[in-house]
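1. here is a sequence with its predicted model. Questions after.
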Amino acid sequence: MGGQAHAVTPRRGRPPTISDGQLVEAARRLGPDAVDLQSVGEALGVARTSLYYHVRNTDELGRKVLEHIVDDASATDWLPPPDAPWDSCLRAYAVEFRRVLVLAAPWLRFAGQSSLYTRRRLESVDQLMGRLVDAGFTIDDASAAMTFVSLLVQASVSAEDDLDTVRAHVAGVGPDELTWIRRGLVALNAADADRRFEQHLDRAIAGIRAQHESGQP
């Protein structure tokens, strides 16, 4: 009592059992900049070695957190009605995927090849693939459209961090240096990130539509 801190006395016997959920929550509270196995173990009141049952290192822990965020944030009702045109479905998928990545952005540094494609995310991809095939796309063209739009979404999210880095470099040089980049940044600043993404998505879907209507691979 009296507000005094007391040291935790290690218990004998088997270490406390922790779940994946507890591990992820502790890591999220620490944040991507401060997370490591030692800190998470201390937050959970267990030895760092107790975490090796769940993860091998900090990078794997970061990927686990990212996967949980992506899975939890992935909506199940993003798909337009069955009679909606294919381009509306593709746009809805892109907007939803970007929403999820923006939420997960602080942890994207830990992304691995499979971190962004959890079971729920793959279900969304599968639903959209079905809509595209129903609209007359070959399975190859549907896969290519999905891949292209997914890469566009990922690039749009990571590009915002890149722009911040460029702005910092430009701010550190004289006003007569890097003049074309400076002008480009002024133009980019005139449109917010959401609007830039919509413009890029419009162009992407227009290109997919032209290719689909021409019947060329």
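-> It's in. Residues are numbered from 1 along each chain as shown.
2. nearest residue to residue 26 other than its sequence neighbours?
-> Taking CB to CB, 6 or more residues apart in numbering, and ignoring the residues beside it in sequence, residue 26 has residue 43 as its nearest neighbour in space, at 4.4 Å. In short, each C-beta sits where N, CA and C put it, glycine included.
3. show me this structure divided up by domain.
-> Structurally, the chain divides into domains by automatic domain parsing as follows: 1-56, 76-214.
4. I'd like those domains laid out as JSON lines, including mean neighbour count, distance to residue 67 and mean pLDDT.
-> Written out in JSON lines, the entries for those read as follows (neighbours: other CB atoms under 10 Å; distance: least, CB to CB, whole Å; pLDDT from 0 to 100):
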{"stretch": "domain 1-56", "mean neighbour count": "13", "distance to residue 67": "9", "mean pLDDT": "78"}
{"stretch": "domain 76-214", "mean neighbour count": "15", "distance to residue 67": "5", "mean pLDDT": "85"}
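5. compare those and give me the one nearest residue 68.
-> Each of the domains of the chain was scored for nearness to residue 68 using CB to CB, and the closest is domain 1-56 (4.8 Å).
6. the residue nearest to residue 26 against residue 30, yeah?
-> Yes: taking CB atoms under 8 Å as the definition, residue 43 is a contact partner of residue 30 at 6.7 Å.
7. now do the phi/psi pair for the residue nearest to residue 26.
-> Here the main-chain torsion angles of residue 43 (degrees, to the nearest 10) amount to phi -60, psi -30.
8. tell me the contacts of it?
-> Under the criterion of CB atoms under 8 Å, 6 or more residues apart in numbering, the neighbours of residue 43 are 26, 29-30.
9. for this structure, just list every one of the helices.
-> Per DSSP state H, the chain has helices spanning 20-30, 37-44, 58-73, 86-104, 119-134, 139-171, 179-189, 193-214. These are given in chain order.
10. by contact count, what packs against the longest one?
-> With contacts defined as 3 or more CB pairs under 8 Å, 6 or more residues apart in numbering; DSSP states H and E, helix 139-171 has these neighbours: helix 86-104, helix 119-134, helix 179-189, helix 193-214.
11. could I get these as JSON lines with distance to residue 66?
-> Below are the helices and strands packed on helix 139-171 laid out as JSON lines (distance: least, CB to CB, whole Å):
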{"stretch": "helix 86-104", "distance to residue 66": "6"}
{"stretch": "helix 119-134", "distance to residue 66": "11"}
{"stretch": "helix 179-189", "distance to residue 66": "27"}
{"stretch": "helix 193-214", "distance to residue 66": "20"}
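12. enumerate every residue touching the spatially most central residue of the chain.
-> Centre of the chain computed as the mean C-alpha position; nearest residue by CA atoms, centre = their mean is residue 101, 2.9 Å away. With contacts defined as CB under 8 Å, 6+ apart, the neighbours of residue 101 are 70, 108, 116, 153-154, 157.
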